[in-house]
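Asker: Structure here, sequence nowhere to be found:
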């Protein structure tokens with residue numbers, strides 16, 4: 001007996017495609033798309049928070065004098081900028097500032113508003 005026959009010897013046919021099975025597939029695709037959008041929004045909001053934190057730290061590091069014994073020059077300027085970016089990422093990941101939450105909720109609100117405006121039919125004004 002192979003995978004296509006039943007114990008009585010008849011060939012087992014796949015179940016017919018119905019509107020319900022097509023609807024389930026569409027729902028699953030929509031959920032996968034929504035999950036990708038949510039992950040994208042989450043990443044964008046966290047990246048924004050990290051950038052914001054780095055921008056807030058930058059003036060503090062600009063006021064610190066460079067020790068000529070152990071550093072200085074163009075290389076330190078470049079590396080200091082990268083260091084401030086990493087500090088911003090670390091602060092965003094390890095503090096509870098709620099900046100990313102606010103950005104995320106605003107992005108979701110704007111996306112929902114845009115989605116509703118796309119789905120709302122425009123009335124013909126020439127009537």
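Answerer: Structure received. This one's a predicted model, so the numbers in the text were calculated from it and none came from an experiment. Residues are numbered from 1 along each chain as shown.

Asker: any idea whether the residue most central in space within the chain is helix, strand or coil?
Answerer: In the chain, the C-alpha nearest the mean C-alpha coordinate belongs to residue 40, at 1.6 Å (C-alpha atoms, centre = their mean). Look at residue 40: counting by DSSP: H, G, I helix; E, B strand; the rest coil, its state is helix.

Asker: Which strands or helices does the lowest-mean-pLDDT helix or strand in the chain pack on?
Answerer: Within the chain, no helix or strand scores below helix 19-62, which has a mean of 81 by mean pLDDT, DSSP states H and E. Judged by 3 or more C-beta pairs under 8 Å, 6 or more residues apart in numbering; DSSP states H and E, the packing partners of helix 19-62 are helix 73-94, helix 99-119. Using the backbone N, CA and C atoms, a C-beta is placed for each residue, glycine as well.

Asker: Present the ones you listed as TSV; the columns should include distance to residue 61.
Answerer: Below are these laid out as TSV (distance: least, C-beta to C-beta, whole Å):
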stretch	distance to residue 61
helix 73-94	5
helix 99-119	20
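
Asker: want to try JSON lines for those, with distance to residue 29, mean pLDDT and mean neighbour count as columns?
Answerer: Formatted as JSON lines, the helices and strands packed on helix 19-62 follow (distance: least, C-beta to C-beta, whole Å; pLDDT from 0 to 100; neighbours: other C-beta atoms under 10 Å):
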{"stretch": "helix 73-94", "distance to residue 29": "32", "mean pLDDT": "87", "mean neighbour count": "13"}
{"stretch": "helix 99-119", "distance to residue 29": "16", "mean pLDDT": "85", "mean neighbour count": "12"}
